[in-house]
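1. Sequence plus the predicted model coming up.
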Amino acid sequence: MKLECVFPAHFEQQITEAIAFLKPYTKRAYLVGGSVRDLCLDEPLHDLDIEVYDIEPKAFELLMKRMGAIGVGKSFFVYKLGDIDFSLPRIEHKSGIGHKAFEVHVCQDEKEASKRRDFSVNAMMRNIFTGELLDFWGGKEAITHKTLEIIDEQSFKEDSLRVLRAVQFSARLGFKIERKSLEVMRGISLCDLSRPRILWEFEKLFRAPCLHYGLFYMYALNLFEKCFTCKVENRFFEIARELLRYKQNFEDALRPYYFVYIVANRLKQEPLRWLKQLEAPNHYLQTFKHQPFFEGEISDEMLLHVSLEMPISQWLGNYRSGVKERAQTLRIWDELFTGDVSVQEVIADGFEKEAIRYELKRRRIEKIKQQCEA
């Protein structure tokens, strides 16, 4: 089977150069992994992985150096040049604790090498010379049915990170996890994963278009209990409806933060506590400072109070229906509410140091009351 595809211009040039360089050494070099999946889905490509057969590790290392590629995972035979990762085909066996503790051996059999991958949709291979598609595990069919299916149960269990990858793939692609695969994942502990590594997979989920899929599988796989020591239970459908109903209102600049804001607040959890548990970087902690959450309808008065601390465009509750339009009318979408009370005015009245800030806020709150009573 051939996979016909057109690469973006910058990839086309890099692929052409890779073909010219590798052709004297092998007829078996394959585009592998997520890039083949995304080509089948007609999704944008961000980087490419090429697996090179029929070359021994030492000769491969010398060839990569001649190409100008940089070793980014030499123990895994991985080199990077431009947007392409070149690697030797390999098989892996668990050798210790953690998702990186594997013994690696070169393997020259395509089916055996592809067996180490997590899901059938990520195990397809496209020959860069001929366009031939190798699909040993039913990846094309899984794409047609929009399902994620484990290839090999034993190797999957050896890498607990794959449970989180399943969740973020589901949310990114809008794919369902096949029933038996879900059962296997339920029995896998995540105790060997570091908190930053967990966050790394969650970050891909936070930006995904199908957040309700991510929510469902976090619930189905008990990830709220495993990662955040809390339960979803009877709030699940309420949260799922909110994610589905309002996702089109999400501001791009805040997209990585809405999921945590909505889910944590609906579960009556403290979002900052979750983020600290995951050792989240500072931009998360700064964004979640002073982020109030309101149940029920949001009045103009509530919006004005929020805008004392931040413009509504920076508030994570701004996805609710009509909020953006009302904030623009009130002129607080991109600006703080001042009530025409200035710092200079407060200082002129004799206030000093910390008292200036408190008096400024008090006067502006008074202006809000007057505006809402008018």
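-> Now that the structure is in, tell me what you want to look at. Bear in mind the structure is a predicted one, so any value in this text is a computation, not a measurement.

2. Please report how far residue 233 lies from residue 242.
-> According to Cβ to Cβ, to the nearest Å, residue 233 stands 16 Å off from residue 242. C-beta here means a position set from N, CA and C on the backbone, and glycine is covered the same way.

3. More neighbours: which of these two?
-> Higher neighbour count among residue 233 and residue 242: residue 242, with 21 against 9, using other Cβ atoms under 10 Å.

4. Is the more buried one within a helix or a strand, and which one?
-> Per DSSP states H and E: residue 242 is located in helix 236-246.

5. And the strands in this structure?
-> In the chain, the strands defined using DSSP state E lie at 29-32, 48-52, 70-73, 78-81, 84-87, 90-94, 102-106, 125-127, 133-134, 147-148, 176-177.

6. Kindly reformat these as TSV containing mean pLDDT and mean neighbour count.
-> Formatted as TSV, those follow (pLDDT from 0 to 100; neighbours: other Cβ atoms under 10 Å):
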stretch	mean pLDDT	mean neighbour count
strand 29-32	96	24
strand 48-52	96	21
strand 70-73	88	13
strand 78-81	94	19
strand 84-87	95	21
strand 90-94	75	15
strand 102-106	80	15
strand 125-127	96	22
strand 133-134	96	20
strand 147-148	98	22
strand 176-177	98	21
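
7. Same list (these) but as CSV, adding distance to residue 157.
-> Below are the strands of the chain laid out as CSV (distance: least, Cβ to Cβ, whole Å):
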stretch, distance to residue 157
strand 29-32, 22
strand 48-52, 24
strand 70-73, 23
strand 78-81, 24
strand 84-87, 23
strand 90-94, 9
strand 102-106, 13
strand 125-127, 24
strand 133-134, 25
strand 147-148, 16
strand 176-177, 15
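
8. out of the ones you listed, nearest to residue 261?
-> strand 176-177 (25.3 Å; Cβ to Cβ).

9. Give the pairing partners of that closest one; include direction for each.
-> Strand 176-177 pairs in its sheet with strand 147-148 (parallel), by DSSP bridges.

10. Any chance you could list what contacts the strand it pairs with?
-> 119, 121, 142, 166, 169-170, 175-178, 181 (Cβ atoms under 8 Å, 6 or more residues apart in numbering).

11. In helices, which of those residues appear?
-> Secondary structure from DSSP state H places 142, 166, 169-170, 181 of the contacts of strand 147-148 in helices.
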